[in-house]
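Q: Quick one, fold the following:
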Amino acid sequence: ARRVDTAGALLGAGALTAAVFAVIEGESAGYASAGVVVLFAVAAVGLAAFVRRERRAAHPLLDLRYLRRPAFSSANVAAFCTYFATFAIFFFTALYLDEVVGDSAFRIAGTFLPMTVLLVVAAVTAGRLTLRVPTGRLVGTGCLLFAAGLLATAALLSPDPSEAALTVALAVAGAGIGLTVVPITGSALAAVPAARSGMAASAANTSREVGAVTGVAVLGALVNGELQSHLGARLRALGLPPDLQSLVIRGVESGGLPSNGHTTGAGGAAGAGHAGEVHEVIAAAWAAFGSGLEVALLVSAALVLLAGALAAFTLRGRPGADLD
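A: Numbering: from 1, shown residues only. Here you go, the predicted structure:
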């Protein structure tokens, strides 16, 4: 029965578009580049205009008053952090198993299958516990499990990992994700009157989506920065000329180098006499990628732990307990 806040929708979408595009573009162009800085500035101006509009609108798209409620604001922060880390572990771990370890798509799917199953089981379990266990406790426990899975994954990844141990680590992460997502959504929905449940669901979904795209882009830039730094130093130590160094780095970034599982006989036209050097270059390249991925997983774990601590201290009641 309320009017659609068209101006708020346009301002909010415009600010999000500029911010997300800046995050994605910054991965390749650099976050200090002129174009990316301009996009961030546009996003900041758009956000300010959006906030001003929502404070004055008779029927705001996002009622800013609810941000004062921990059950709503903390839930959105936790949603952002959780999906930031979730898509990082999905994307980068699968990429590592494909490019470095040389696993087939079928084998990678098998490695991730227990993670997916436990995610669903934990989500269903969390849904049943939501009315009996304080939200902060559920989210905090889920974040602890998720962070433990991230840390274990970082420790286990190598060019020749233990598939069984890695599967268990990913499964623990999946249980943590499932235990976290449902209480977060329930908290955001229960913090507002039923008539504004659409707004609360939209805010939670937006937080998740922005967290996902930001996680892949920001951690991608982090992985790439670590890769170039470590790999550049290693290639210089091997005595490769600058043009070949650039070629190898581009090969890693584009997945053009043989994986660890397909380096036998690598060297091709370089000849048998250089096969050892080629293998050493490839090993150095994927070691640099692994170092960058480890940093990304550690950063994700730290962010998830912070989200869990925030939820544990601010979401003390059960869903709807703080609702007027």
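Q: Helix or strand: which one has the most centrally placed residue in the chain?
A: Using CA atoms, centre = their mean, the residue of the chain that lies closest to the mean C-alpha position is residue 84, 2.9 Å off. Assessed by DSSP states H and E, residue 84 sits inside helix 70-96.
Q: This structure: helices as residue ranges?
A: Using DSSP state H, the helices of the chain run over residues 6-29, 34-56, 70-96, 105-129, 135-156, 163-190, 197-237, 242-254, 275-314.
Q: Just checking the distance from the shortest one to the centre of its chain.
A: On the basis of CA atoms, centre = their mean, to the nearest Å, helix 242-254 is displaced by 26 Å from the centre of the chain it belongs to.
Q: what mean pLDDT does it have?
A: For helix 242-254, mean pLDDT rounds to 71.
Q: next one: stretch 112-125
A: 94.
Q: Report the buried residues of that stretch.
A: For stretch 112-125, burial by neighbour count (16 or more other CB atoms under 10 Å) applies to 112, 114-116, 118-119, 122-123, 125. For glycine as for every other residue, the C-beta is placed from the backbone atoms N, C-alpha and C.
Q: returning to what we had before: any figure for the gap between the residue nearest to the centre of the chain and residue 218?
A: According to CB to CB, to the nearest Å, residue 84 and residue 218 sit 8 Å apart.
Q: Alpha carbons only: can I get the helix or strand of the chain with the lowest mean pLDDT in CSV?
A: Lowest by mean pLDDT, DSSP states H and E among the helices and strands of the chain is helix 242-254, with a mean of 71. The C-alpha coordinates for helix 242-254 follow below in CSV (Å, rounded to 0.1, in the frame of the first residue of the first chain):
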residue,chain,number,x,y,z
PRO,A,242,62.6,-9.4,-17.3
ASP,A,243,60.6,-10.3,-20.4
LEU,A,244,60.4,-14.0,-19.4
GLN,A,245,59.5,-13.0,-15.9
SER,A,246,56.5,-11.1,-17.2
LEU,A,247,55.6,-14.0,-19.4
VAL,A,248,55.6,-16.4,-16.5
ILE,A,249,53.5,-14.1,-14.3
ARG,A,250,50.9,-13.6,-17.0
GLY,A,251,50.8,-17.4,-17.4
VAL,A,252,50.0,-17.8,-13.8
GLU,A,253,47.4,-15.1,-13.8
SER,A,254,45.6,-16.6,-16.8
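Q: between that helix and helix 275-314, how many degrees?
A: With axes from the mean of the first three to the mean of the last three CA atoms, to 10 degrees applied, the angle from helix 242-254 to helix 275-314 works out at 50 degrees.
Q: Quick check: which ranges of the stretch 151-300 of the chain have low pLDDT?
A: Along the stretch 151-300 of the chain, segments meeting pLDDT under 70 span 252-278.
Q: residues in contact with residue 146?
A: 82, 85, 173, 176-177, 180, 304, 308 (CB atoms under 8 Å, 6 or more residues apart in numbering).
Q: Find the residue closest to residue 223 in space, skipping its chain neighbours.
A: residue 292 (3.7 Å; CB to CB, 6 or more residues apart in numbering).
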